[in-house]
Each structure stands twice: as structure tokens, then as C-alpha cells.
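Asker: I need the structure of the sequence given here:
(chains A and B)
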Amino acid sequence: DGGITQSPKYLFRKEGQNVTLSCEQNLNHDAMYWYRQDPGQGLRLIYYSQIVNDFQKGDIAEGYSVSREKKESFPLTVTSAQKNPTAFYLCASSIVATPNQPQHFGDGTRLSIL
Amino acid sequence: GDSVTQMEGPVTLSEEAFLTINCTYTATGYPSLFWYVQYPGEGLQLLLKATKADDKGSNKGFEATYRKETTSFHLEKGSVQVSDSAVYFCALSELPSILTGGGNKLTFGTGTQLKVEL
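Answerer: Numbering: from 1, shown residues only, chains lettered A, B, ... in the order given. Predicted structure coming up:
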């Protein structure tokens, strides 16, 4: 079955450490997105990419970085500059970057601080 | 900027009760509107969508009508089940701006938790 796979499901970060969250899709979608979910705040966009080797900052990009070297992969790095990284991170993809196409979501990665 | 406002939860209903979750939006253009559902520990799943005024999206007994005059997209279901217990998110998406660039992004409401009891 086609879908979006996020790994790991749970991740722990030590102080001063960078961690990378994986997102892979086999839906042949062009666009991919990263969201952060905090309790009571809904989802906020971190980064998005419409095409390979291109990406744009979302609303809360500070302390995060991404790459899009392959169409099917969009890893997110949470850097040590992100002082409050504890959250649920969701990756999504869509066919093309147009509003009529829904985004498809992975099952998320929960990041916590040790 | 764009925004979505949902009724606060949690909403607790008995099985077979009627459900309404209110959603209103603010947007500068002509957004598409979505309802997503999130079950515990999982990602979001698309529940239904509407792309223009007066469209009605429906799926699994849930319905929502795109009301441009009231900028609303309320979610309804005639008879809820225990299995409907989840968090429901209203979201909008607008066309990319030629001036500001950027692509599609979803603006979400804060979510409404629904709990259905026997």
C-alpha cells in the first residue's frame, strides 16, 4: 500500500544534540511538508518543499533544517538551536502544490528531551 | 493572514447523539476547506473537503457545507458512535500567491476533541 512512513515513532534528544526525523513517501507526490503539533495549538508549518532540491520556510522554521535530495524523502533535522523541541512532528505530502489537493499524513514522530 | 477558529472541546456525547463542531475561517481569497480527523497516537486523516462556495463534503456519515456568506464550514453527523472519538481539525488552503510566492500550505484550527460514550 502507498503511504507516508515516518521514523522513528519515538525519539529522545539530549541537550546540545541534533536529531533527524525521517519521512519517506511512495505516493509519487511532488510536495512534502513538516508540521509541529503542540497540545491545544493545532498544527504549525515548519518547512515545505514543492520539488526536489527546493524548499521554503514555514511559520516556525527557526531551529530546524531540511533537505529534499530525492522526491520520496524529506528529512527534518531538529538542531540544538531549537530550545523547545518537545512536540509531535507530522510529515505530509500532496500531489501538487495546489489547494484542491488534500495532504496525506504520516503517523508522526514524538520527540522528547532527556 | 488566514486563520481558522474551531469550537473548544472536549465535546462529550452519548452514542447516537447529533454532532456539530463549529468552524469559521478568515481568508483573503477563495480557500478550499477541509476536515481532518486524528485518532490517538496517529497522524491526520482527511475526512472531507469542499473547494467552492455551497459545496457539501461528506464521508462516513459526516457532512460539512462551505458557507461563504458566513465564512463557516461546520461539521455535522446525525448519529455518532464510540468509534468516532477522536480529535477533529478544520483547515483551509489558498492558492499560492504570485506576489509572495510559496506553495500550498494548510492553516489549521486548534482541533476539537470528541468523546462518545455508551
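
Asker: Is it correct that residue A:54 is in contact with residue A:68?
Answerer: Yes - between residue A:54 and residue A:68 there is a contact at 6.7 Å, judged by CB atoms under 8 Å. C-betas here are computed from N, CA, C, even on glycine.

Asker: Strands of chain A, start to end?
Answerer: Taking DSSP state E to define them, one finds strands in chain A at A:4-7, A:10-13, A:19-25, A:31-37, A:43-51, A:54-57, A:64-66, A:76-78, A:87-94, A:104-105, A:109-113.

Asker: just to revisit the earlier point, can you pick out the residue with more neighbours from residue A:54 and residue A:68?
Answerer: It is residue A:68, of residue A:54 and residue A:68, that has more neighbours when counted by other CB atoms under 10 Å in any protein chain shown, with 19 against 10.

Asker: And for that one, nearest residue in space, chain neighbours not counted?
Answerer: Leaving aside its chain neighbours, residue A:68 sits nearest to residue A:49 (4.3 Å; criterion: CB to CB, 6 or more residues apart in numbering or on different chains).

Asker: To what extent is that neighbour buried, counted in neighbours?
Answerer: When neighbours are counted by other CB under 10 Å, residue A:49 comes out with 22.

Asker: Please report how far the most centrally placed residue in chain A lies from chain B.
Answerer: Among the residues of chain A, the one closest to the centroid is residue A:34, at 2.8 Å (CA atoms, centre = their mean). Distance, residue A:34 to chain B, using CB to the nearest CB, to the nearest Å: 11 Å.

Asker: Likewise for residue A:68?
Answerer: Applying CB to the nearest CB to residue A:68 and chain B gives a distance of 13 Å.

Asker: partner strands of the worst-scoring helix or strand of chain B on mean pLDDT, parallel or antiparallel?
Answerer: Using mean pLDDT, DSSP states H and E, strand B:106-108 stands out as the lowest-scoring helix or strand of chain B, at a mean of 89. If you go by DSSP bridges, strand B:106-108 pairs up with strand B:86-93 (antiparallel).

Asker: Quick one: name the residues of chain A near chain B.
Answerer: Within chain A, the positions near chain B by CB under 8 Å from any CB of the partner chain are A:4, A:6, A:31, A:33, A:40-45, A:48, A:50, A:56, A:58, A:90, A:92, A:94, A:96-108.

Asker: about what we covered before: quick one: distance of the least confident helix or strand of chain B to the chain centre.
Answerer: The chain centroid and the centroid of strand B:106-108 are separated by 10 Å, computed with CA atoms, centre = their mean, to the nearest Å.

Asker: circling back to that earlier point, format the strands of chain A as a markdown table; extra columns: mean pLDDT.
Answerer: Listed next are the strands of chain A as a markdown table, based on pLDDT from 0 to 100:
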| stretch | mean pLDDT |
| --- | --- |
| strand A:4-7 | 96 |
| strand A:10-13 | 92 |
| strand A:19-25 | 97 |
| strand A:31-37 | 94 |
| strand A:43-51 | 92 |
| strand A:54-57 | 92 |
| strand A:64-66 | 97 |
| strand A:76-78 | 97 |
| strand A:87-94 | 94 |
| strand A:104-105 | 93 |
| strand A:109-113 | 93 |
